[in-house]
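Asker: here are the coordinates; sequence isn't available:
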C-alpha cells in the first residue's frame, strides 16, 4: 500500500491515486495505526530513558563493579575490535585496572558488537556512552570517539 501526496512523485513512479472510497478508508486506517505505533514507541522509549539511571553505572568504580559481577565470560572483550590488541589488564586482586578500562571506554566506537555478544543482555553501548561522556565531558558521541 503506497500513498503519494505529490503529483511529481505520482508521475515519476507511475503510481495511481486511490480511486474509490474503500482505498481511501484503508489509507486512513493505516495512518491511524502507524500513528498509534509511533506513539507507543515514543512512550516506551521515554519510559526506558526515565529508568536508565537505575541500570547505568554512575562512575568508573561502579562500572568496574558491574564487570566483576558479570563473571568471567569476557564475551564483550573477545568480540570487541578495539580489544583485539589486548584486553584490559587485571590487578593482583583480580579487578580490571581502571586506566585500561578508561582507555577502552574512551576509544569505544559504539559499534554494538559487545552488546550483541553479552549473554546477560546488558545495554553495553548505552553504558559505555554514558561513561565516555563522564570521562570526556561531552554528550556528543562523535566528539567522544578519539
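Answerer: The structure has been received and is ready for your questions. A quick note: this is a predicted structure, and the numbers were derived from the prediction, not measured. Numbers count the residues shown, from 1 in each chain.

Asker: drop to CA atoms for contacts and neighbour counts, all remaining ones
Answerer: Noted.

Asker: quick one: least confident helix or strand in the protein?
Answerer: Lowest by mean pLDDT, DSSP states H and E among the helices and strands of the chain is helix 141-144, with a mean of 44.

Asker: mind listing what's buried along the longest helix along the chain?
Answerer: Counting by DSSP state H, the longest helix found in the chain is helix 21-55. Residues of helix 21-55 classed as buried: residue 27 (neighbour count, 16 or more other C-alpha atoms under 10 Å).

Asker: and the next element down the chain from it?
Answerer: Per DSSP states H and E, the first helix or strand lying C-terminal to helix 21-55 is helix 60-70.

Asker: run through who's touching that next one.
Answerer: Residues outside helix 60-70 that contact it (C-alpha atoms under 8 Å, 6 or more residues apart in numbering): 57, 95-96, 98, 102, 120, 131.

Asker: and if we set it to 6 Å?
Answerer: Applying C-alpha atoms under 6 Å, 6 or more residues apart in numbering, the contact partners of helix 60-70 are residue 57.

Asker: give the next helix or strand downstream of that helix.
Answerer: Downstream of helix 60-70, the first helix or strand assigned by DSSP H and E is helix 75-79.

Asker: got any ranges where the chain has weak pLDDT?
Answerer: 1-7, 9-10, 13-19, 49, 53, 71, 84-86, 138-146 (pLDDT under 70).
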